[in-house]
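A.B. asks: Here is my input, please return the structure:
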Amino acid sequence: MKPIQSLIVFLAVFGLSNSAFAKSVDLQLTMKGYNGDGAYVAVYLMDANGRLVQTLAVEGRKKKYQKHLRDWKRANRSLRFDGKTGASLHKNRSRNFLVTIDDKYIDSNHFIHIDTSVEDKRDVPSDVVVPLTQQGIGQAVSGKGYVKSFVYRF
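C.D. replies: Next up is the predicted model:
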């Protein structure tokens with residue numbers, strides 16, 4: 001085989017395999033009934049050492065309020081992110097996010113965190129912390145603040 005053909009085969013195999021090692025993950029977040037405005041929410045993936053791996057979604061577009069998502073902000077000092085953004089989440093509402101997460105983070109001591117904050121109310125850093133595992137698929141988790149339930153599915 002000629003060198004150029006070898007290179008094309010190599011790139012085809014490894015290029016396709018990189019995308020094959022990621023999963024589409026459906027995240028479903030339901031807010032509690034609370035008094036106040038819409039909540040700002042950050043959904044992100046952390047490793048066991050508390051390092052930010054990936055920001056999956058941020059709800060609430062005004063950057064000046066995103067600083068109240070304290071654990072996420074501490075991990076992501078620049079407030080830059082690679083996830084999706086949208087309007088703030090309101091009480092008793094659900095939101096689904098479809099994100100892509102690399103397979104290497106599943107069952108490998110990585111955690112999905114959710115920070116929440118409501119204007120003129122308390123901030124709830126790490127409102128939800130759940131390990132990203134095969135066993136956790138479809139298991140509803142309650143938050144300690146504004147999150148009524150959180151579920152992820154592959």
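
A.B. asks: going forward, measure contacts and count neighbours with C-alpha atoms only.
C.D. replies: Noted.

A.B. asks: Quickly list what His113 is bridged to.
C.D. replies: Tyr44, Val129 (DSSP bridges).

A.B. asks: and it, what does it touch?
C.D. replies: 42-46, 126-130 (CA atoms under 8 Å, 6 or more residues apart in numbering).

A.B. asks: mind checking pLDDT for it?
C.D. replies: According to the predicted model, the pLDDT of His113 comes to 98.

A.B. asks: hmm, back to that, weed out the non-buried ones from the contacts of His113.
C.D. replies: Buried members of the contacts of His113, counted by 16 or more other CA atoms under 10 Å: 42-46, 126-130.

A.B. asks: what about the chain, any weak spots by pLDDT?
C.D. replies: Across the chain, the ranges flagged by pLDDT under 70 are 1-20, 78-85.

A.B. asks: quick one, strands of it?
C.D. replies: Using DSSP state E, the strands of the chain run over residues 22-31, 39-47, 52-59, 84-86, 94-102, 110-118, 123-131, 147-153.

A.B. asks: Can you tell me the strand partners of the first one and which way each runs?
C.D. replies: Read that as strand 22-31. Strand 22-31 has these partner strands in its sheet, going by DSSP bridges: strand 94-102 (antiparallel), strand 147-153 (antiparallel).

A.B. asks: orientation of that strand relative to strand 39-47 in degrees?
C.D. replies: 140 degrees (axes from the mean of the first three to the mean of the last three CA atoms, to 10 degrees).

A.B. asks: circling back to that earlier point, out of the strands paired with strand 22-31, which is the most enclosed?
C.D. replies: Highest mean neighbour count among these (mean count of other CA atoms under 10 Å): strand 147-153, with a mean of 20.

A.B. asks: Of all the residues in stretch 48-59, which ones are buried?
C.D. replies: For stretch 48-59, burial by neighbour count (16+ other CA under 10 Å) applies to 52-59.

A.B. asks: In TSV: these, plus distance to Gly38.
C.D. replies: Shown next, in TSV, are the buried residues of stretch 48-59 (distance: CA to CA, whole Å):
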residue	distance to Gly38
Leu52	25
Val53	27
Gln54	24
Thr55	20
Leu56	19
Ala57	16
Val58	13
Glu59	10
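
A.B. asks: Let me know the closest of these to Tyr34.
C.D. replies: Nearest to Tyr34 among the buried residues of stretch 48-59 is Glu59, at 17.1 Å by CA to CA.

A.B. asks: re earlier: so which of the strands of the chain is nearest Val141?
C.D. replies: strand 147-153 (5.2 Å).
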